[in-house]
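*Asks:* sequence? don't have it. structure:
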């Protein structure tokens with residue numbers, strides 16, 4: 001990975017499990033990583049974790065990246081011992097067949113799999129049917145009596161996937177949005193003496209409606225917000241140039257809009273100016289669907305200037321999410337450059 005970036009930390013963050021509302025394991029990793037670089041660290045009743053680096057000015061900047069990954073909750077254990085699931089976040093059911101999963105129970109983790117029956121046994125109607133999450137069943141390879149004893153409604157399910165290098169890419173599960181948490185932690189490590197108070201916030205429940213960010217915005221009442229998240233990179237066969245949103249290897253994305261927010265144009269212009277001054281590769285992001293914590297923080301405590309930067313990502317919301325190592329480095333560089341030059345005197349009013 002790029003010199004200076006802690007690849008082992010990225011692997012650890014992405015391979016950890018933490019679905020919406022149950023980000024505990026990830027939160028403890030983030031706490032350990034940020035404590036040496038923050039003046040104070042605290043969490044709230046939503047599970048948001050905030051590490052604050054204090055500055056001289058009476059001005060508060062929130063940098064937010066969500067910790068949660070998409071997953072499932074067990075909604076039913078049938079009489080044969082198969083688990084029926086409720087989705088936590090947006091899944092494409094087409095990619096769920098023939099995947100390995102982990103079921104997280106009070107007694108410990110259980111390996112399982114989402115099977116796919118052989119096509120030889122399917123009729124034409126089965127082959128043409130639209131898949132849905134409700135049709136997914138987890139097979140634990142255990143007798144039904146054992147499953148009933150060990151698994152309860154409300155237990156959590158996450159995908160099994162290691163994080164690895166493929167060429168210039170890093171690929172694995174939960175890069176959405178642990179790669180942004182990683183970039184935020186790297187920025188906290190590099191930021192030495194900001195002029196303003198910087199609150200590095202690892203937020204919760206983004207994948208089910210930006211819920212942690214909305215609560216955080218009320219609690220902190222920031223003067224400026226910069227969210228960090230992944231974004232679509234449809235730079236693969238089957239998409240026209242205008243459908244790609246971003247392209248891997250072309251640099252950090254500077255968000256102009258998504259379905260939850262139109263960013264403050266003075267903020268995104270300053271992000272662009274910093275990128276140009278620091279020679280950071282960057283591209284502009286117009287995301288037609290999907291929201292981010294930016295929207296959850298922009299208006300919940302009153303009108304707040306909000307911008308966002310994004311890590312271009314192929315194959316979002318699949319177990320093989322992929323990012324380019326140079327784009328990760330560019331995201332860190334732009335975030336540090338922006339925070340280093342924020343003095344609280346920039347006018348973001350429109």
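*Replies:* Looks like it arrived, so ask away. Since the structure is predicted, the reported quantities are computational estimates derived from the model, not experimental observations. Residues are numbered from 1 along each chain as shown.
*Asks:* Which strands border the one helix or strand residue 226 maps to, and is each parallel or antiparallel?
*Replies:* Using DSSP states H and E, residue 226 sits within strand 224-232. When pairing is defined by DSSP bridges, strand 224-232 lines up against strand 60-66 (parallel), strand 306-313 (parallel).
*Asks:* What strands line up against the very next helix or strand once past the first one, and which way round?
*Replies:* Which is strand 60-66. Going down the chain from strand 60-66, the next helix or strand is strand 71-77, by DSSP H and E. Strand 71-77 pairs in its sheet with strand 83-88 (antiparallel), strand 156-159 (antiparallel), by DSSP bridges.
*Asks:* Strand 71-77: how far from the chain's middle?
*Replies:* With CA atoms, centre = their mean, to the nearest Å as the basis, strand 71-77 stands 21 Å off its chain's centre.
*Asks:* Contacts for that strand next, please.
*Replies:* With contacts defined as CB atoms under 8 Å, 6 or more residues apart in numbering, strand 71-77 is touched by 17, 19-20, 83-89, 101, 103, 133, 138, 147-148, 151-159. Any C-beta I mention is one placed from the backbone N, CA and C, and that applies to glycine too.
*Asks:* Only the buried subset of those residues, as a PyMOL command please.
*Replies:* A single PyMOL command selects the buried members of those (16 or more other CB atoms under 10 Å):
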select buried, resi 17+19+20+83+84+85+87+88+89+101+103+138+147+151+155+156+157+158+159
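*Asks:* nearest to residue 330, of the strands paired with strand 71-77?
*Replies:* Relative to residue 330, the nearest member of the strands paired with strand 71-77 by CB to CB is strand 156-159, separated by 27.6 Å.
*Asks:* packing partners for the next helix or strand after the closest one?
*Replies:* Moving toward the C-terminus from strand 156-159, the next helix or strand (DSSP H and E) is strand 164-166. Strand 164-166 sits against strand 169-172, with contacts defined as 3 or more CB pairs under 8 Å, 6 or more residues apart in numbering; DSSP states H and E.
*Asks:* Show the subsequent helix or strand relative to the strand it packs on.
*Replies:* Scanning onward from strand 169-172 (DSSP H and E), the first element met is helix 175-190.
*Asks:* Strand 306-313 and that following helix, what's the angle between them?
*Replies:* Counting by axes from the mean of the first three to the mean of the last three CA atoms, to 10 degrees, helix 175-190 points 120 degrees away from the direction of strand 306-313.
*Asks:* and helix 175-190, average pLDDT?
*Replies:* Helix 175-190 comes out with an average pLDDT of 97.
*Asks:* Now do the buried residues in it.
*Replies:* 175-189.
*Asks:* picking up where we left off before, between the strands paired with strand 224-232, which one is closest to residue 5.
*Replies:* Residue 5 lies closest to strand 306-313 among the strands paired with strand 224-232, at 12.5 Å (CB to CB).
*Asks:* Can you give me the buried ones in the one helix or strand residue 201 maps to?
*Replies:* Per DSSP H and E, residue 201 falls inside strand 197-203. If you call a residue buried by 16+ other CB under 10 Å, then strand 197-203 has these buried ones: 197, 198, 199, 200, 201, 202, 203.
*Asks:* which one of these sits closest to residue 240?
*Replies:* residue 203 (33.7 Å).
*Asks:* Would you mind measuring from that closest one to residue 210?
*Replies:* 8 Å (CB to CB, to the nearest Å).
*Asks:* got it, and residue 330?
*Replies:* 25 Å.
*Asks:* shared neighbours of residue 203 and residue 210, which are they?
*Replies:* 293, 296.
*Asks:* follow-up on the earlier one: next, the angle strand 224-232 makes with the strand holding residue 201.
*Replies:* Going by the same axes, to 10 degrees, strand 197-203 makes 40 degrees with strand 224-232.
*Asks:* what's the model's confidence in strand 197-203, averaged?
*Replies:* Here the average pLDDT along strand 197-203 is 98.
*Asks:* same thing with stretch 110-126?
*Replies:* 71.
*Asks:* hang on, the earlier thing: make TSV out of the buried residues of strand 197-203 and add distance to residue 71.
*Replies:* Formatted as TSV, these follow (distance: CB to CB, whole Å):
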residue	distance to residue 71
197	34
198	30
199	27
200	24
201	21
202	17
203	16
